[in-house]
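Student: What follows is a predicted structure for the sequence shown.
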Amino acid sequence: MKKSVLFFGVLTLLFVFFGCGKGDKGYDIYVYNSKGENAAQFEAMCQAFTAETGVRVKAFSIGSGMDHMETLQTAMNSNDKPVIFSIQGIKELIDWHQGGFVVDLNTVTDPDFAKLAAEIAPSLRLTTDGKTSYGVPYNVEGYGYIVDRQLFGEIFANADEVIAAVKTASYAEWDALVKALDDWIRRPRAVTITLSGKSYTTNASKGALSSNLNGIFAVMGAEKWTYGDHFINVALNAVFTSPSDAYTASDAKIRSARPAFIDYAQALDLKTGYLAGKNGPAKRGQDFVSPANFGYDQAVQIFADSKAVFFKQGNWAYGNIAGVNAAKAERLVFLPVKMPYRPADIVRGDGVTAEKLNRSIPVFVPNYYAVNALSSDEEKANAYKFLVWMNTSPAGQKFLVEDFAFIPYNADPATTTVPNSLGNSIIDYMKTGDIIAAPYHGAPGPWSGDVVGLKLMEDYMTKERWTQADYEAIADYAVDQWIKLKN
């Protein structure tokens with residue numbers, strides 16, 4: 001490890017505390033929240049908890065631009081340690097576990113909390129071995145190709161039916177759709193396309209929104225995480241069922257991912273080969289990796305202005321899209337990120353098929369609440385009470401769904417709705433069970449984004465044409481670097 005949580009510098013002067021107690025006394029538990037965007041709502045929730053239970057809470061939420069781990073490590077090295085704190089996946093868990101800071105939730109005897117912990121779905125647990133459990137999920141998030149139903153309705157008269165057909169379409173049908181839409185943008189006319197084995201016909205002319213189209217995909221070429229972390233994660237689901245499965249993978253199992261990585265490269269070639277730009281169609285090249293032209297904000301703007309048909313992002317992008325085009329933000333749904341899997345490429349061992357993977361979207365936990373094992377028994381008891389209240393009481397659930405706009409990890413998909421279109425689209429996938437995991441969280445920390453993503457940015461996103469040899473070189477690099485970093 002580069003750093004140990006036991007050795008960090010002096011207490012930062014940047015702390016901004018929220019809560020009933022603002023000094024060293026006057027509270028019963030100290031809760032650290034790494035979601036700075038909901039700081040005010042989190043404080044209001046803590047106050048409601050205190051009013052209902054009498055347990056006084058001091059809450060701290062990071063500010064905009066503050067580093068989550070650095071701030072938390074400083075707090076944990078002080079005399080005023082959080083009782084509840086944030087862990088963002090396995091790669092952060094390792095340090096906290098080695099330092100003796102985390103309670104295994106399976107060991108807690110408080111009956112209400114033990115029930116809560118036992119009911120966390122195995123696929124959502126923070127664990128390295130599939131047996132332990134070190135965190136209560138903040139929420140679940142998901143991602144895929146975002147599409148505007150109204151814009152799609154200007155391409156196909158029966159848009160909702162076509163969107164449903166795209167969800168279950170094969171990769172070959174998806175490939176043909178992308179190329180047909182690219183042709184339609186340049187020469188609008190009635191063209192028949194096959195999706196999920198059924199024929200659909202495009203409209204003969206463009207409408208008000210579709211007249212703005214100049215490409216198929218809005219892509220953040222300057223943001224390596226989007227094609228490093230998230231795009232490669234889809235392919236990893238052909239090999240691994242969970243982050244812990246990836247974390248414990250042998251060298252041989254990692255090498256078995258090579259075919260899936262070739263699939264990943266081919267799908268990424270398609271996505272970045274049909275780019276929408278600010279002022280017209282775009283191509284891979286030096287301009288594409290420039291933050292000034294293809295950064296996060298620029299890609300959001302391109303999509304919000306209806307210059308692209310699809311935008312691969314998560315439900316966290318809802319607010320950014322709404323900030324540019326509030327009306328469009330209410331019309332969004334997710335489509336799966338599809339890969340050209342062959343049956344032999346699926347080696348995860350549980351019988352999941354290529355068809356299942358290609359109709360599913362990743363739904364996963366981005367962050368967890370952990371309980372500090374170094375806290376007093378009284379503090380831990382109050383922490384368990386807080387976490388149970390937040391995740392099971394009507395008042396706590398109201399804050400999570402209405403004020404945080406979270407999808408609760410324990411939500412009943414049949415009865416839960418959230419106040420944004422993308423969140424509800426995720427819930428629709430949860431209803432049908434068409435969800436996959438985030439095994440990239442179990443890979444070595446820098447592997448997916450800072451290693452594979454950077455390699456792609458430097459050597460491939462600047463290259464206009466890719467070949468089969470490029471696909472294989474990308475796959476070999478991904479395998480070799482994982483094994484190197486793991487060992």
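Tutor: Structure received.

Student: CA atoms for contacts and neighbours, from now on please.
Tutor: OK.

Student: give the contact list for the closest residue to Leu422 other than its chain neighbours.
Tutor: Nearest residue to Leu422 in three dimensions, chain neighbours excluded: Asn315, at 5.2 Å (C-alpha to C-alpha, 6 or more residues apart in numbering). By C-alpha atoms under 8 Å, 6 or more residues apart in numbering, Asn315 lies in contact with 141-143, 422-423.

Student: Kindly report the same for Ser196.
Tutor: Contacts of Ser196 by C-alpha under 8 Å, 6+ apart are 165-166, 168-170, 173.

Student: measure the closest residue to Val219 other than its chain neighbours to Thr416 for me?
Tutor: The shortest distance from Val219 to any residue other than its chain neighbours is 5.7 Å, reached at Ala299 (C-alpha to C-alpha, 6+ apart). Using C-alpha to C-alpha, to the nearest Å, Ala299 is found at 30 Å from Thr416.

Student: Looking at those two, which is more packed in?
Tutor: Using other C-alpha atoms under 10 Å as the criterion, Ala299 and Thr416 rank with Ala299 on top: 26 against 13.

Student: Quick check: which element contains the more buried one?
Tutor: In the assignment (DSSP states H and E), Ala299 maps to helix 296-304.

Student: Can you give me the buried ones in that helix?
Tutor: Residues 296, 298-304 are the ones in helix 296-304 that count as buried (16 or more other C-alpha atoms under 10 Å).

Student: Output the contacting helices and strands for it.
Tutor: Judged by 3 or more C-alpha pairs under 8 Å, 6 or more residues apart in numbering; DSSP states H and E, the packing partners of helix 296-304 are strand 215-218, strand 308-314, helix 318-324.

Student: Mind putting those into CSV with mean neighbour count and distance to Asp434?
Tutor: Shown next, in CSV, are these (neighbours: other C-alpha atoms under 10 Å; distance: least, C-alpha to C-alpha, whole Å):
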stretch, mean neighbour count, distance to Asp434
strand 215-218, 29, 23
strand 308-314, 25, 16
helix 318-324, 17, 21
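
Student: Would you mind saying which of those lies nearest Ala260?
Tutor: Checking the helices and strands packed on helix 296-304 against Ala260 by C-alpha to C-alpha gives strand 308-314 as the closest, at 19.4 Å.

Student: Could you give the average pLDDT over that closest one?
Tutor: Per-residue pLDDT values across strand 308-314 average out to 97.

Student: quick one: it to chain centroid distance?
Tutor: The gap between where strand 308-314 is centred and where its chain is centred comes out at 14 Å by C-alpha atoms, centre = their mean, to the nearest Å.

Student: Equivalent analysis for stretch 307-317, please.
Tutor: 13 Å.

Student: repeat for stretch 402-421
Tutor: That offset, for stretch 402-421, works out to 16 Å (C-alpha atoms, centre = their mean).

Student: For the longest helix along the chain, enumerate the helices and strands it packs against.
Tutor: Secondary structure of the chain per DSSP state H: the longest helix is helix 468-486. The elements that helix 468-486 packs onto, with contact taken as 3+ C-alpha pairs under 8 Å, 6+ apart, are helix 251-255, helix 258-272.

Student: out of those helices, deepest packed?
Tutor: helix 258-272 (a mean of 23; mean count of other C-alpha atoms under 10 Å).

Student: re the thing from before, out of the helices and strands packed on helix 296-304, flag the one nearest Pro291.
Tutor: With respect to Pro291, and counting by C-alpha to C-alpha, the nearest of those is strand 215-218 at 13.8 Å.

Student: how is the chain carved up into domains?
Tutor: 17-140+365-411, 142-363+435-486 (automatic domain parsing).

Student: and the ones you listed, which one is worst for confidence?
Tutor: domain 17-140+365-411 (a mean of 90).

Student: what about stretch 465-480, distance to the chain center?
Tutor: 25 Å.

Student: let me fix that: stretch 454-463
Tutor: Counting by C-alpha atoms, centre = their mean, stretch 454-463 comes out at 22 Å from the chain centroid.

Student: swap in stretch 151-169?
Tutor: Centroid separation for stretch 151-169 versus its chain: 25 Å, with C-alpha atoms, centre = their mean.
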